[in-house]
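Undergrad: Sharing a sequence plus its predicted fold:
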Amino acid sequence: GRFFAATMLKAILAHLVINYDLRGEVDGVRPPDDVFGAVAMPNWKAKVWVRKRQ
């Protein structure tokens, strides 16, 4: 169950990092977090640029 899921997520992340160039919409700038009371979450509307490596 959960160990298989964790292993698969690691494999998918490794595949993305090895085979694709990933960057934010603005280089070097992290978009502001979404804050709901005491909870801060990453901005879900932020854009990530993905390009397959040559």
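TA: Sure, I can see it.
Undergrad: thinking residue 21 is in contact with residue 51, fair?
TA: Yes. Residue 21 is within contact range of residue 51, at 4.6 Å (criterion: C-beta atoms under 8 Å). Bear in mind the C-beta positions are built from the backbone N, C-alpha and C, glycine included.
Undergrad: more crowded one of the two?
TA: A direct count of neighbours by other C-beta atoms under 10 Å for residue 21 and residue 51 places residue 21 higher, at 12 against 9.
Undergrad: can you pull the buried residues of the strand or helix carrying that one?
TA: If you go by DSSP states H and E, residue 21 is part of strand 20-24. By neighbour count with 16 or more other C-beta atoms under 10 Å, strand 20-24 contains no buried residues.
Undergrad: Quick check: can you name the pairing partners of the helix or strand following that strand and their directions?
TA: Per DSSP H and E, strand 20-24 leads on to strand 34-36 as the next helix or strand towards the C-terminus. Counting by DSSP bridges, the strands paired with strand 34-36 are strand 39-41 (antiparallel).
Undergrad: Dump the next helix or strand along the chain from the partner strand to CSV, restricted to CA.
TA: Using DSSP H and E, the helix or strand that directly follows strand 39-41 along the chain is strand 48-52. In CSV, the C-alpha atoms belonging to strand 48-52 read as follows (Å, rounded to 0.1, in the frame of the first residue of the first chain):
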residue,chain,number,x,y,z
VAL,A,48,5.5,25.8,-13.9
TRP,A,49,7.2,25.6,-17.3
VAL,A,50,8.1,22.0,-18.5
ARG,A,51,10.3,21.2,-21.5
LYS,A,52,11.5,17.8,-22.6
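Undergrad: Tell me what angle strand 48-52 forms with strand 20-24.
TA: Counting by axes from the mean of the first three to the mean of the last three C-alpha atoms, to 10 degrees, strand 48-52 lies at 160 degrees to strand 20-24.
Undergrad: what is the mean pLDDT for strand 48-52?
TA: For strand 48-52, mean pLDDT is 95.
Undergrad: I'd like the distance from it to the chain centre, please.
TA: 11 Å (C-alpha atoms, centre = their mean, to the nearest Å).
Undergrad: For the residue nearest the centre of the chain, give me its contacts.
TA: By C-alpha atoms, centre = their mean, the chain has its centre lying nearest to residue 48, at 7.8 Å. For residue 48, the contact set (C-beta atoms under 8 Å, 6 or more residues apart in numbering) comprises 22-25.
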